[in-house]
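Chemist: What follows is a protein structure lacking sequence information:
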């Protein structure tokens, strides 16, 4: 824990205040000539959001990780949850597994894997096995899972993903990551050994042996498959030891997310998953019903990011408008502190995540007003919050909830 | 000393420039609906400040400590003086003592104390002794001070505060803080022992023994008092070892403050206190007279904070206007670099200090202009200084005074 985290911890008071963090995934965008220099937030009709802004909000922009760094969903959300994404790194195997809806337990080691093609000499000739169909992947995973349930006393969990992708989870005592990839990263080489990153770690050595044994058991089962007669493992990592959200902030947290990845990330920090809702309107309705049961609500909306990834400007505008239409449901039972933001930007022009600071809005009895009419990237540039690191958002929310004692006399 | 401090130090050149830092305590505020979305700075008529802004100023906002952290006056001012308030923490006993106008010497250990009521078994029945009148507190402190002048070779200084509050200062060789409180924090428990926070510190152990001996000597003197037959000690800390302002910045500093707390904080970093003035106009007049004698002037104005603490919007506006009316006195002998800011915000709506970044204005031959018409929170949001940590203000002032060599070739 950093010095500053220790200071925040010491100052924290439990107040019973209700905090809600609404994450419009990939919300931030950039203004380009091709869209008349409007961002989706600027082009969208958002009467409810506009009214909220005019009632008094502070705005700003958040650097998700560090200047110029484009985060994946993992670091993006960890930062929103107040964890320094550089300090608390979550392995790709873990993120991939969470994305498939697999619940990880403390100590689990997870790897993302993909089927590949091997020649007679055991050299990799296609690192993605010609991107086999998802159904083939599912059949092969079922085959492996039916034959390899355990290695020694360690449980092995194999779950198919899309196309050639799957994940492998080792569950047992004394396991630790990270290990190097078995992916040789180019064709013409054999499958590499997974080696401990820290040669002194007994847990990593144990996993290295498990991976080798797993290959020994699995490769013969795939021998006659074509083209997927081998597989590569990457991002072999353990579920990190993260102090829970409740410990850190003295807030009982709930997650209202539709996609497994975000449920998983919330669960990683100990949030309680509320299952059921499938639309933002349903998520807000459920928030209202659960209002008394939790102190902190993480509400995740995926479709802004999806549209950005597709480079579909109109779809992003529509997603924002869908959120805006549902907003009054949440505002009918206004939390003491409401934050609306993204986990990063996903500019339509970039067709992917980016490093551009995402806009953020804070509304509380003490948020004051930046006298802006709308919530947009350009407006947020003029907000009182300035440009700050996303990991501080939760601290500003706590401050707005008057959850901090004065520092010093 | 941090790496960056070492860089600043190395680059510093003595130029003979005159720098003035005017602190309107608790200046920052928030715009709320109940005041027509105006802050006191926006509502105030400030023709002189407006003219200064239009003549060329850079503006911005400063985070006093870290996002969301509300500072007391100690950390707020340490940051303005360029000392990282997390690194240079000043104990509450020290701040309280400074607030009573007691001069502390290096090595002094100070505690804030308050009279309490004990039952026959020595259990605390009222932690504040029914908030006895200040006169009673003064009489009891005089009694204790007349009987307990020394413990061994250590001098004991006892000074009454308001109501049940007083401070105890131990002055002697080899003393060190911090120690745990003797306040059990709730009724029904006996007075606790003051224990070293670092069990290996000989200086802390020595103070623990002093505190125990002080109780042995003092409690019998209070035995027949009612209700104040005991006392509790908190925030037992030593005068921190702070490099002096002059060492750090190559500037000979003077403090023009009216309230003891701010004189004390200035003295803590080695500023010379200029006594006499009781109004901001008198402070500015004295600044003009002392212009040649110092390089740096810290000029402290309390009434903006007082009004904010009282939630009195009109009084805060009036305080700002009082400052503005006096401003021409200072401007008649313009320093090379002038900064006007607060040590933190004290929003009327919060009736207390807050974490909201305070606005800051810099005026020098090289400050440039942000093309703003006034000095306000909303305007400062658009300033060229952005939102930055308050501890850097002095560095910006030095830069504007051309006190830094180029870094690298």
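Modeler: Arrived safely, thanks for sending. These numbers come from a predicted model, not from an experiment. Residues are numbered from 1 along each chain as shown, chains lettered A, B, ... in the order given.

Chemist: Point out where chain A drops to low pLDDT.
Modeler: Applying pLDDT under 70 to chain A picks out residues A:1.

Chemist: Near chain B, which residues of it? Just list them.
Modeler: Residues of chain A found near chain B (CB under 8 Å from any CB of the partner chain) are A:3-4, A:7-8, A:11, A:55-56, A:60, A:365-371, A:382-388, A:392, A:395-396, A:398-399, A:404-409. For every residue, glycine as well, the C-beta is placed using N, CA and C.

Chemist: now with 7 Å?
Modeler: By CB under 7 Å from any CB of the partner chain, the residues of chain A that approach chain B are A:3-4, A:7, A:56, A:366, A:368-371, A:382-384, A:386, A:388, A:392, A:395-396, A:398-399, A:404, A:406-409.

Chemist: Narrow those residues to those in strands?
Modeler: A:386, A:388 (DSSP state E).

Chemist: Using PyMOL, define a selection of the buried residues within the residues of chain A next to chain B.
Modeler: To isolate the buried members of these in PyMOL, using 16 or more other CB atoms under 10 Å in any protein chain shown:
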select buried, chain A and resi 4+7+56+366+368+369+370+371+383+384+386+388+392+395+396+398+399+404+406+407+408+409
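
Chemist: quick one, what contacts the closest residue to residue A:38 other than its chain neighbours?
Modeler: Residue nearest to residue A:38 in three dimensions, not counting chain neighbours: residue A:31, with 6.2 Å by CB to CB, 6 or more residues apart in numbering or on different chains. Taking CB atoms under 7 Å, 6 or more residues apart in numbering or on different chains, we find residue A:31 in contact with A:37, A:38, A:39.

Chemist: Drop the exposed ones from the residues you listed and show what's left.
Modeler: A:38, A:39.

Chemist: so which residue of the stretch 101-250 of chain A comes closest to chain B?
Modeler: Going by CB to the nearest CB, chain B is nearest to residue A:249 of the stretch 101-250 of chain A, at 11.3 Å.

Chemist: Can you get me a residue count around that residue?
Modeler: Neighbour count of residue A:249, defined by other CB atoms under 10 Å in any protein chain shown: 26.

Chemist: Verify the contact between it and residue A:393 for me.
Modeler: No. Using CB atoms under 7 Å as the test, residue A:249 is too far from residue A:393 to be in contact (11.7 Å).

Chemist: Show the backbone phi and psi for the residue of the stretch 101-250 of chain A closest to chain B.
Modeler: With angles defined as degrees, to the nearest 10, residue A:249 sits at phi -120, psi 0.

Chemist: and if you look at the one 3 residues further on?
Modeler: Backbone dihedrals for residue A:252, given as degrees, to the nearest 10, come out at phi -90, psi 110.

Chemist: dump the residue contacts of it.
Modeler: Residue A:252 neighbours (CB under 7 Å, 6+ apart): A:246, A:294, A:295, A:296.

Chemist: Please list all residues in contact with the second one.
Modeler: Yep, that's residue A:294 we're talking about. A:252, A:253, A:254.

Chemist: quick one: which of those is nearest to chain B?
Modeler: Top of the list for closeness to chain B, among those and by CB to the nearest CB, is residue A:253 at 17.6 Å.

Chemist: Next one: that closest one from residue A:240, what distance?
Modeler: Distance, residue A:253 to residue A:240, by CB to CB, to the nearest Å: 18 Å.

Chemist: of these two, who's got more company?
Modeler: Neighbours were counted for residue A:253 and for residue A:240 using other CB under 10 Å; residue A:253 has more, 22 against 16.

Chemist: my guess is that one contacts residue A:273, does it?
Modeler: No. Counting by CB under 7 Å, residue A:273 is not a contact partner of residue A:253; they are 10.3 Å apart.

Chemist: can I get the contacts of residue A:31 in TSV with secondary structure?
Modeler: Shown next, in TSV, are those (DSSP: H, G, I helix; E, B strand; the rest coil):
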residue	secondary structure
A:37	coil
A:38	coil
A:39	coil
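
Chemist: where exactly do the strands run in chain A?
Modeler: With DSSP E as the criterion, chain A has strands spanning A:19-24, A:58-63, A:109-118, A:124-126, A:150-151, A:154-160, A:165-171, A:230-238, A:253-256, A:272-273, A:296-301, A:337-341, A:358-364, A:386-389.

Chemist: Of those, which is nearest residue A:198?
Modeler: When the strands of chain A are compared by CB to CB, strand A:230-238 sits nearest residue A:198, at 12.1 Å.

Chemist: Show residues contacting that closest one.
Modeler: A:91-94, A:96, A:107-118, A:124, A:127, A:168, A:175-179, A:181-183, A:191, A:194, A:207, A:211, A:219, A:222.

Chemist: Can you give the strand pairings for it, parallel or anti for each?
Modeler: Counting by DSSP bridges, the strands paired with strand A:230-238 are strand A:109-118 (antiparallel).

Chemist: Buried ones in the strand it pairs with, by neighbour count?
Modeler: Here strand A:109-118 shows A:109, A:110, A:111, A:112, A:113, A:114, A:115, A:116, A:117, A:118 as buried, counting by 16+ other CB under 10 Å.

Chemist: And for stretch A:253-261?
Modeler: For stretch A:253-261, by 16+ other CB under 10 Å, it's A:253, A:254, A:255, A:256, A:257, A:258, A:259, A:260, A:261.

Chemist: circling back to that earlier point, list just the nearest of the contacts of residue A:31 to residue A:48.
Modeler: residue A:39 (18.3 Å).

Chemist: Relative to residue A:304, how far out is the closest one?
Modeler: Counting by CB to CB - residue A:39 and residue A:304 are separated by 11 Å.

Chemist: what about residue A:45, how many residues close to it?
Modeler: 12.

Chemist: ok, now how distant is the nearest residue to it once chain neighbours are set aside from chain B?
Modeler: In this structure, residue A:45 finds its nearest non-sequential neighbour in residue A:321, 6.0 Å apart by CB to CB, 6+ apart. Separation of residue A:321 from chain B (CB to the nearest CB, to the nearest Å): 27 Å.

Chemist: Enumerate every residue touching residue A:321.
Modeler: So residue A:321 contacts A:44, A:45, A:46 (CB under 7 Å, 6+ apart).

Chemist: same question, residue A:253
Modeler: A:245, A:246, A:271, A:272, A:294, A:296, A:298.
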